[in-house]
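Peer 1: model the following, please.
(one chain, ligands or ions: 3)
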Amino acid sequence: STGYDAHLRVWRGDAEAGDLADFTVEVNEGEVVLDVIHRLQATQAPDLAVRWNCKAGKCGSCSAEIDGRPRLMCMTRMSLFDPAQTITITPLRTFPVVRDLVTDVEFNYEKAREIPAFVPPEDLGPGEYRMRQEDVERSQEFRKCIECFLCQDVCHVVRDHEENKEAFAGPRFLMRMAELDMHPLDDAERAGLDRKRAVREDHGLGYCNITKCCTEVCPESIKITDNALIPMKERAADRAYDPLVWLGNKIRRR
Ligand code: SF4
Ligand code: F3S
Ligand code: FES
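Peer 2: Ligands and ions are numbered 1, 2, ... in the order given. Here you go, the predicted structure:
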């Protein structure tokens, strides 16, 4: 057997207080971090709170930070780590802790609710939509999102900056607005919506200075920055797009 004992340091606590706790837990070949967390629960810490569902990287529930990097616990192989090292597992830092590894991700649902839905074209019925393949593929890429909120967690605009949360929707939702604005059949005007103005003025697109950390942590490998945020910045800039105006905005807002 290639089993070994792993050294884990797991954050335990609630909204009031907490601390890291050390554990030694058996690991077997082929296991992921979530397997080891489940074994920890089964053998030593039955009251450890952890959220998970599919164990297949598709439900977006098991998000946590492993050695400070936002990851899905069910998709992070133990073989990634040196057996001798201590692996530190902490809850998502950008959202309030409920207990142990479980955070309250309500911020994201609030941001989702602020985005008006797709406005169907008035003169076309379902089944009559015609779109170019590249437009279909763009939406399909963005819709691979599993709402794990790892991108929301890692973005420096809101990570450790509670004060920016009200004005900034975060990469996942800026991407959603970009999807709608670039959708050739979205008839926003008919509903009196100006998505370009909204993304700029209500959802803080200007706070994003394209660090691409969101793209780096996305488990679906969605090119959030290149395919959604940068095109949206170009679309939402004043008609005469001027990179110097944009740079000025970035500097003022930091
Ligand atoms: Fe997760 Fe990627 Fe969706 Fe962000 S865009 S919530 S990282 S799947
Ligand atoms: Fe944040 Fe991604 Fe922009 S991490 S700063 S939203 S490129
Ligand atoms: Fe569903 Fe990890 S348990 S993504």
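
Peer 1: neighbours of the residue in the stretch 51-200 of the chain that ligand 2 sits nearest to, how many?
Peer 2: Nearest residue of the stretch 51-200 of the chain to ligand 2 (CB to the nearest ligand atom) works out as C155 at 3.3 Å. Quick note: C-beta positions are derived from backbone N, CA and C, even for glycine. Other residues within reach of C155, judged by other CB atoms under 10 Å, total 25.

Peer 1: need the contact list for it.
Peer 2: Residues in contact with C155 (CB atoms under 8 Å, 6 or more residues apart in numbering) are T94, G170, P171, C208, T211, C213, C214.

Peer 1: with L150 instead?
Peer 2: S63, P70, R71, L72, L92, V217, C218, P219.

Peer 1: per-residue confidence for it?
Peer 2: The pLDDT attached to L150 in the predicted structure is 98.

Peer 1: when you give positions from now on, start the count at 5
Peer 2: All right, first residue 5 from here; so that's L154.

Peer 1: how about it, nearest residue that isn't a chain neighbour?
Peer 2: With sequence-adjacent residues excluded and distances taken as CB to CB, 6 or more residues apart in numbering, L154 is closest to P74, at 4.1 Å.

Peer 1: so the one you found, which of the three states?
Peer 2: Secondary structure of P74, reduced to three states by DSSP: H, G, I helix; E, B strand; the rest coil: strand.

Peer 1: from Q156, how far off is it?
Peer 2: P74 sits 9 Å away from Q156 when distances are taken as CB to CB, to the nearest Å.

Peer 1: those two: which is more packed in?
Peer 2: When neighbours are counted by other CB under 10 Å, Q156 comes out ahead of the other of P74 and Q156, with 29 against 26.

Peer 1: quick one, what contacts the more buried one?
Peer 2: If you count contacts by CB under 8 Å, 6+ apart, Q156 has them with T98, F111, N112, V162, G174, P175, R176, C218.

Peer 1: likewise for A171?
Peer 2: Neighbouring residues of A171 by CB under 8 Å, 6+ apart: H207, G208, Y211.

Peer 1: at 10 Å instead, please
Peer 2: A171 is in contact with V161, V162, E205, D206, H207, G208, G210, Y211, R257, counting by CB atoms under 10 Å, 6 or more residues apart in numbering.

Peer 1: any idea how far it lies from L44?
Peer 2: Distance, A171 to L44, using CB to CB: 39 Å.

Peer 1: related to what we said a few turns ago, so what sits opposite the residue nearest to L154 in the bridge?
Peer 2: E69 (DSSP bridges).

Peer 1: these two touch, right, it and T98?
Peer 2: Yes: when contacts are counted by CB atoms under 10 Å, P74 is listed as touching T98 (8.9 Å).

Peer 1: where do the contact lists of the two overlap?
Peer 2: Between them, P74 and T98 share these contacting residues under CB under 10 Å, 6+ apart: F153, L154, Q156, D157, V158, C159, R163.
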